[in-house]
Each structure stands twice: as structure tokens, then as C-alpha cells.
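> fold the following, please.
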Amino acid sequence: MRAFTADVSDWSHVHDGDLAVIASPIDLLGVNYYNPMRVAHYDGVGAPARVDGHGDGVGETWPGCDDVQFLDVSGPKTEMGWPIDANGLTELLTRLHHDYGMPMMITENGAAFADAIDESGRVRDVDRIAYLRDHLAATHRAIAAGADVRGYFLWSFLDNFEWAYGYAKRFGITYVDFATQVRTLKESAHVYADTVRHNGLVLP
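The predicted model follows:
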């Protein structure tokens, strides 16, 4: 890893004893899943689109990806431009179970959509509800197939500051008016609460 990333870091942040700590066995594997990604080898010919769709080259999204071409995934997408595919979560969890055979917890899963408060004061985020239900069902399929999934954390409770996007992308199940700090539960929050309360999906 040091040799692979030598052009982006001198690794001076690693101190004596760090590697021993990093190599310690873990009790639980945390899994973050938002979307699938399709990649291919890039031979330097042409200008393939980056994963975020800007089309201005490769190797700018992550260090070490200079020879990787990120391909488009067809179908519906979130406000981030990320493809929606809950089956990818089932596949990931079952593969991790097969490869490592250890307890897992979904530490992040969620989607940004163009949420707004309507005239009745409600945020009817039907796309997020569909995303949530599909991904919880995908998790259940993985559990039924033998994956040891101990928990699920939705991203996120509140609309938040989203890295380079600032406050433009809303991932929360609670709508935040950033000017006044007033918070409004979105329809997805009620669905999620019912799911937790019943320890399972509540379908209409």
C-alpha cells in the first residue's frame, strides 16, 4: 500500500505501533453501501467520464485510479447522480459473508433527493421511502442467505453538510431549514420509525 500510494503520501502520519494496532483482529465489519459502480481498465485513449459524470478525465476521483475508467450505470439515480440498485447490497453482504465469515453492521446506507416542504408542511420524499424499503429488503435477503448482519444505520437522521456539496444535497429523514434550524420529519422518518417499532418492513 505504501508503494502504491507513494505519489500522494509520504506516510509520515504513521507512528510506531500504529501498524500493530491496525493488524489487530476486529469483532465487527462495518459496511457502507450507497450504490454499485462499474469500472473498466483505461488505456489512456480518449477522455472517459469520471464517476461523477464531469467527463474531464480519470484518476481524479481517488488516488491510485489513473488506469481506471468509471462507466455509467443505467437506471434511476439519486440527486448525487448515483445509480440506485438495492441488489448490489445483497450481493455485497453475501460476498463479504462468504469471504470473511464474520459479523457485519451496515454503518451507512441512504440517498439524497431534492426534498422540499409542500403547502401542507410535509416533506413527501417518496423516492427515499422506496430506496429505504428496497435496501432494507435487500439486507433481509442477505440475512436469509446466511449473512450475519447485526444492525443497520440509515444515513442520515438530519440533512447535513455534505463535503464539497455543502448544504445542497439532502440525505436526512429530517428536513433542516438551514436558515432557521427548524426541523421537520419527512415521510421517510415515519416509515423508518414504523420499521424500527415493528422490527421489520411495514408495507402499504
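> can you pull out the strands in this protein?
29-32, 38-41, 68-71, 104-108, 149-152, 174-176, 183-185 (DSSP state E).
> adjacent strands (with direction) for the fifth one?
Think strand 149-152. Next to strand 149-152 in the sheet, as set by DSSP bridges, lie strand 104-108 (parallel).
> from the chain's centre, how far out does the partner strand sit?
10 Å (CA atoms, centre = their mean, to the nearest Å).
> ranking the strands of the chain by mean pLDDT, which is last?
Ranked by mean pLDDT, the strands of the chain bottom out at strand 68-71, which scores a mean of 82.
> in it, what counts as buried?
68-70 (16 or more other CB atoms under 10 Å). The C-beta positions use only the backbone N, C-alpha and C, and glycine is treated the same way.
> could you do stretch 111-118 as well?
By neighbour count on 16+ other CB under 10 Å, the buried set for stretch 111-118 is 111-113, 115.
> quick check: the closest residue to Y42 other than its chain neighbours vs P36, distance?
Counting by CB to CB, 6 or more residues apart in numbering, Q69 is the residue found nearest to Y42 once chain neighbours are left out, at 3.8 Å. Going from Q69 to P36 by CB to CB, to the nearest Å gives 15 Å.
> chain neighbours aside, what residue packs nearest to the most centrally placed residue in the chain?
Geometric centre of the chain, nearest residue: Y34, 2.7 Å, by CA atoms, centre = their mean. Once flanking residues are discounted, Y34 sits nearest to W82: 5.8 Å by CB to CB, 6+ apart.
> give me the pLDDT value at the one you found.
94.
> OK, contacts around it?
34-35, 111 (CB atoms under 8 Å, 6 or more residues apart in numbering).
> return the helix or strand in this protein with minimum mean pLDDT.
strand 68-71 (a mean of 82; mean pLDDT, DSSP states H and E).
> got the CA coordinates for it in CSV?
What follows is strand 68-71, C-alpha atoms only, in CSV (Å, rounded to 0.1, in the frame of the first residue of the first chain):
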residue,chain,number,x,y,z
VAL,A,68,-9.5,3.0,-14.1
GLN,A,69,-12.4,4.1,-16.3
PHE,A,70,-15.7,4.6,-14.5
LEU,A,71,-18.6,3.5,-16.6
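> now do the top helix by length along the chain: which elements does it pack against?
Ranked by residue count, the top helix of the chain under DSSP state H comes out as helix 126-144. Under the contact criterion of 3 or more CB pairs under 8 Å, 6 or more residues apart in numbering; DSSP states H and E, helix 126-144 touches helix 87-100, strand 149-152, helix 187-198.
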